[in-house]
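Engineer: what's the 3D shape of this:
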Amino acid sequence: MIGESEEARRRILAMNVGIRACRRCHAAGHLDEAVSLPTAHDPDSEAPLPRILLIGQAPSRRAMLTGRAFVGAGGDRLREWLEAGGVPRADFWRRIHFAAITQCYPGRLPGAKGDRVPSPAEQALCRPWVDQMSELVRPRVVILVGLLAAKTFLGPIKSLSAVVGQTVERDGVLFIPLPHPSGVSRWHNDPANVEAVARAMRTLRATIDAERL
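Structural biologist: Below is the predicted model of the structure:
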């Protein structure tokens, strides 16, 4: 008889195959090319399945090239935050599942340096993958990185400053919003924002310690 964890790993592998093959946004004309980034967690590991799910906006170009989300300076900052929150850097890929509002790189924003925010139509087409990941992982904690992820799961919010440092518990899931860790963002220059991130990480650490996540 297949155990619950083994069955979940098998289904995550099958989901990753489905994500790789997905061409919904390309077929609908939203993307010239659909190249997706499946979950970064290795479901073949013998370690217990993580109960922390991190959801971002969409993979970056660098993530597509390396096959892993949050690489580079932004990833270093995120790992620094999460280490303060009780997830050691060495365990970053083992203790966390990764998902995104859309699984494909959306391309650059025309005339700007940043990546384009996926359209509502793209978000709707990709939402089943996010929901399936949540169903398989059954997370205790969901870390929402960036404004789009926070809006998607917490409802209308005006700014990151309004929610970072706060948490929302819903149906046994603790939602922790964070800013995007981009090194070019001026948001991180405000001491009040730095303290808000630290407050969020204290909550994460307390939850990890109390529930042995």
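Engineer: the residue nearest the centre of the chain: what secondary structure?
Structural biologist: In the chain, the residue lying closest to the centroid (C-alpha atoms, centre = their mean) is residue 55, at 2.1 Å. At residue 55 the chain is in strand, as set by DSSP: H, G, I helix; E, B strand; the rest coil.
Engineer: how much space separates it from residue 97?
Structural biologist: Separation of residue 55 from residue 97 (C-beta to C-beta, to the nearest Å): 9 Å. In this view, the C-beta of every residue, glycine as well, is placed from N, C-alpha and C.
Engineer: next one: residue 23
Structural biologist: The value you get for residue 23 to residue 97, if C-beta to C-beta is used, is 24 Å.
Engineer: between the two, which one's more packed in?
Structural biologist: More neighbours surround residue 97 than the other of residue 23 and residue 97, with 23 against 12 (other C-beta atoms under 10 Å).
Engineer: which ones are touching that one?
Structural biologist: Taking C-beta atoms under 8 Å, 6 or more residues apart in numbering, we find residue 97 in contact with 39-41, 49-50, 52-54, 133, 137, 139.
Engineer: which one (most neighbours) among those residues?
Structural biologist: Neighbour max across the contacts of residue 97 (other C-beta under 10 Å) = residue 54, 27 neighbours.
Engineer: if that residue is in a bridge, with which residues?
Structural biologist: The partner list for residue 54 in beta bridges (DSSP bridges) reads residue 98, residue 143.
Engineer: if we can go back for a sec, quickly name whichever of the contacts of residue 97 is closest to residue 157.
Structural biologist: residue 54 (18.4 Å; C-beta to C-beta).
Engineer: how close does the closest one get to residue 7?
Structural biologist: As judged by C-beta to C-beta, residue 54 and residue 7 stand 23 Å apart.
Engineer: got a pLDDT number for the residue nearest to the centre of the chain?
Structural biologist: Note on residue 55: pLDDT of 96.
Engineer: one more: the one 3 residues further on?
Structural biologist: Here the pLDDT value assigned to residue 58 is 93.
Engineer: any idea how far it lies from residue 148?
Structural biologist: Residue 58 sits at a distance of 8 Å from residue 148 (criterion: C-beta to C-beta).
Engineer: go on, residue 123?
Structural biologist: 8 Å.
Engineer: shared neighbours, those two?
Structural biologist: Common neighbours of residue 123 and residue 148, counting by C-beta under 8 Å, 6+ apart, are residue 101.
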